[in-house]
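Peer 1: Test case, fold it:
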Amino acid sequence: MQPDTAAMDPLLLAMSFMRRRRFEDCAQLCSELLEKNPRDQAIWALKMRALTEQTYVDEVEVDEEGIAEMTMDENSATNIPRPGTSFKNPMTAAKGKRSELPASAVRPISQSGRPLSGFVRPGTQSARPSTMEQAVRTARSVTTARPVTTSSGRYVRLGTASMISEADGPFVDPSRLDLAKYAKKPGLAKSLFEYLFHHENDVRSALQLASHATEAAGFTDWWWKLQLGKCYFRIGMIRDAERQFKSSLKHQDMIDTYLHLGKVYVRLDHPLTAIEWYQKGLRKFPGEVTLLIAIARIHEALKDTASMTTIYREVLHQDNTNIEASACLATNFFYNDQPEVALQYYRRLLLMGVNSADVYNNMALCCFYSHNFDSAFACFDRALSMANDEEMANIWYNIGCVYTSMAEFELATYCYKLALAASSDHSEAYNNLGVVYLRQHKVGLAAQMFSTSSELSPMTYEPNYNIACMQETLGQYASCYSSLRKALAAFPEHYGSKKLLSMLQEHFCGQDMAVGRGL
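Peer 2: You can find the predicted model right below:
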């Protein structure tokens, strides 16, 4: 039975809409009330909150960097960091245990050079490039790992239509406000700051308001210092943000402050320092899941899978419904040749309501490598029925891999072509299609596929190694040597590339000795 809303007080009804997360209805009702009384501060603040909630994004999770931020970073401490102490050089774990690192031959990497994490989150689709050439080299489409042009493009005003209350202007004009006056009213000031920061994306006005409010509070309010740090971080003043976050912690220990401070050190490429601050937060808030996940993400970026697995297990011990921990552990077990264990995690994701094409696709692969072929193809069928255009390419690619393992090359070729039809820049499909063509003795087509795959994904070693093997068979030793160097640059520990390179070096040395005897 619906309540009689006509008999309710309009302000109470607007607050009820706000509590029930009916933000559009709340903002519309507040607009009607403000037309009758434009000076009602309670309704004005309530409308700002409703508009803010429509566009609110957690700043801790928004850590995508653009090309300008990554290639023109002036905050880097060193250009040649020690292995395991920087995201630029994560090949060796901080403890020096190379045997615990995932090999690129076992665990695939994205087009930007990052290992697949099993869970899509901000930052996993791009990596910090060392040069501008590397930043713009990947294919330019929405399904690739090409970084955004600038981080400001991430903060789009999603509520533009809802903020218009009059035909001649927006709801709030920051240039006409006396920010110093509003800073002395804590209730209004906080709502106004969040509106300016999240809805209007007017960081400059939000920073001025936060500065005046901090001064009005006697420089003792932790919340305003946290907001100052967020503003400084948004405009790229990383060190100033660091000082504000540390000053905020002196007044009040808060989880968000530790998360933002760790985010600062991640941006500065100091992962070990970020881990130290997260661990300090854990000492204040034992078992906090968000801090544990932040530490696990850094270990994963550093390719320290042993520490990552331990921490994600601790996350599940604290919160057994955490989707990210379950997905990442499932991926790790799968690439460690334990598909049966990974399948149990994916089944748990289904029980928790994560009913998506990606989950069924991963379950199909686990079933196939567990030799449960009937269930594998049933899961593939379910994934295809639920997939969108972006997911369709990966599913057909995986089906092609299954048929390749079964030596059904005609069906594999058909699947790889369907994957390329869904996504024309799927580098792995081009590489595997080249392998199938090579087994069918179609050398010219195979060379074209390998070359295209190498251009689309320069961070993977497989295409260049396949080209080198083909060139070595054809006697093109100089070209083979060049391709091997590219493969080893992507994966220095690849045994096949190193063995073939040593054979070429012996061949070249033998030719030099023969020429010397002839002279």
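
Peer 1: any idea which element residue 441 lies in?
Peer 2: Secondary structure from DSSP states H and E places residue 441 outside every helix and strand.

Peer 1: going forward, begin numbering at 16 instead of 1
Peer 2: Okay, residue one is now 16; in that scheme the one you just asked about reads as residue 456.

Peer 1: Buried residues of stretch 233-244, list them for me.
Peer 2: For stretch 233-244, a neighbour-count test (16 or more other Cβ atoms under 10 Å) marks 236, 237, 238, 239, 240, 241, 242, 243, 244 as buried. Backbone N, C-alpha and C define where each C-beta goes, glycine included.

Peer 1: I'd like the distance between residue 22 and residue 55.
Peer 2: When Cβ to Cβ, to the nearest Å is the yardstick, residue 22 and residue 55 sit 21 Å from each other.

Peer 1: Which helix or strand lies directly C-terminal to the strand or helix carrying residue 391?
Peer 2: Under the assignment given by DSSP H and E, the secondary-structure element containing residue 391 is helix 388-401. Past helix 388-401, heading to the C-terminal end, the next element that is a helix or strand (DSSP H and E) is helix 404-420.

Peer 1: name the helices or strands packed onto the helix holding residue 391?
Peer 2: Using 3 or more Cβ pairs under 8 Å, 6 or more residues apart in numbering; DSSP states H and E as the contact criterion, the secondary-structure elements in contact with helix 388-401 are helix 372-384, helix 404-420.

Peer 1: closest one to residue 316 among those helices?
Peer 2: Taking Cβ to Cβ, helix 372-384 is the member of the helices and strands packed on helix 388-401 nearest to residue 316, at 21.1 Å.

Peer 1: Report all helices and strands that the closest one contacts.
Peer 2: Where contact means 3+ Cβ pairs under 8 Å, 6+ apart, helix 372-384 is packed against helix 338-350, helix 354-366, helix 388-401, helix 404-420.

Peer 1: buried residues in it?
Peer 2: Using 16+ other Cβ under 10 Å as the burial criterion, the residues of helix 372-384 that qualify are 372-384.

Peer 1: what's the closest of the residues you listed to residue 432?
Peer 2: Ranking the buried residues of helix 372-384 by separation from residue 432, with Cβ to Cβ as the measure, puts residue 376 on top at 18.6 Å.

Peer 1: residues contacting the closest residue in space to that closest one that isn't next to it in sequence?
Peer 2: The spatial neighbour of residue 376 that comes closest, neighbours along the chain excluded (Cβ to Cβ, 6 or more residues apart in numbering), is residue 398 at 4.4 Å. Residue 398 is in contact with 372, 373, 375, 376, 379, 406, 410, counting by Cβ atoms under 8 Å, 6 or more residues apart in numbering.

Peer 1: go on, residue 406?
Peer 2: Each residue near residue 406 by Cβ under 8 Å, 6+ apart is listed here: 372, 373, 376, 398.

Peer 1: does the first one really touch residue 413, like I thought?
Peer 2: It stands for residue 372. No: the pair residue 372 and residue 413 fails to qualify as a contact (Cβ atoms under 8 Å) at a distance of 11.2 Å.

Peer 1: On the three-state scheme, residue 233 is what?
Peer 2: Going by DSSP: H, G, I helix; E, B strand; the rest coil, the secondary structure assigned to residue 233 is coil.

Peer 1: Residue 209: neighbouring residues, count only.
Peer 2: Burial measure for residue 209: 18 neighbouring residues, criterion other Cβ atoms under 10 Å.

Peer 1: Just the pLDDT for it.
Peer 2: Per-residue confidence at residue 209 stands at 91 (pLDDT).

Peer 1: residue ranges with poor pLDDT in the stretch 166-315 of the chain?
Peer 2: Regions of the stretch 166-315 of the chain meeting the criterion pLDDT under 70 cover residues 166-185.

Peer 1: mind listing the helices in it by residue range?
Peer 2: For the stretch 166-315 of the chain, the helices defined by DSSP state H, counting those that start in this stretch cover 194-198, 201-209, 218-231, 237-249, 253-266, 270-282, 286-299, 304-316.

Peer 1: mind checking which of those is nearest residue 340?
Peer 2: Shortest separation from residue 340 across these is recorded for helix 304-316, at 7.1 Å, computed as Cβ to Cβ.

Peer 1: hmm, back to that, looking at the helices and strands packed on helix 372-384, which is buried most?
Peer 2: Among the helices and strands packed on helix 372-384, the stretch with the highest mean neighbour count (mean count of other Cβ atoms under 10 Å) is helix 338-350, at a mean of 22.

Peer 1: helices and strands around that helix, which ones?
Peer 2: When contacts are defined as 3+ Cβ pairs under 8 Å, 6+ apart, helix 338-350 sits against helix 304-316, helix 320-333, helix 354-366, helix 372-384.

Peer 1: And the last one, how far out from the chain middle?
Peer 2: The gap between the average C-alpha position of helix 372-384 and the chain average comes to 22 Å, counting by Cα atoms, centre = their mean, to the nearest Å.

Peer 1: Determine the angle, from 0 to 180 degrees, between that helix and helix 404-420.
Peer 2: 10 degrees (axes from the mean of the first three to the mean of the last three Cα atoms, to 10 degrees).

Peer 1: list the contacts for residue 218?
Peer 2: Neighbour list for residue 218: 212, 246, 249, 250 [criterion: Cβ under 8 Å, 6+ apart].

Peer 1: need the contact list for the second one.
Peer 2: When you say that, I think you mean residue 246. With the criterion set at Cβ under 8 Å, 6+ apart, residue 246 makes contact with 212, 218, 221, 222, 225.
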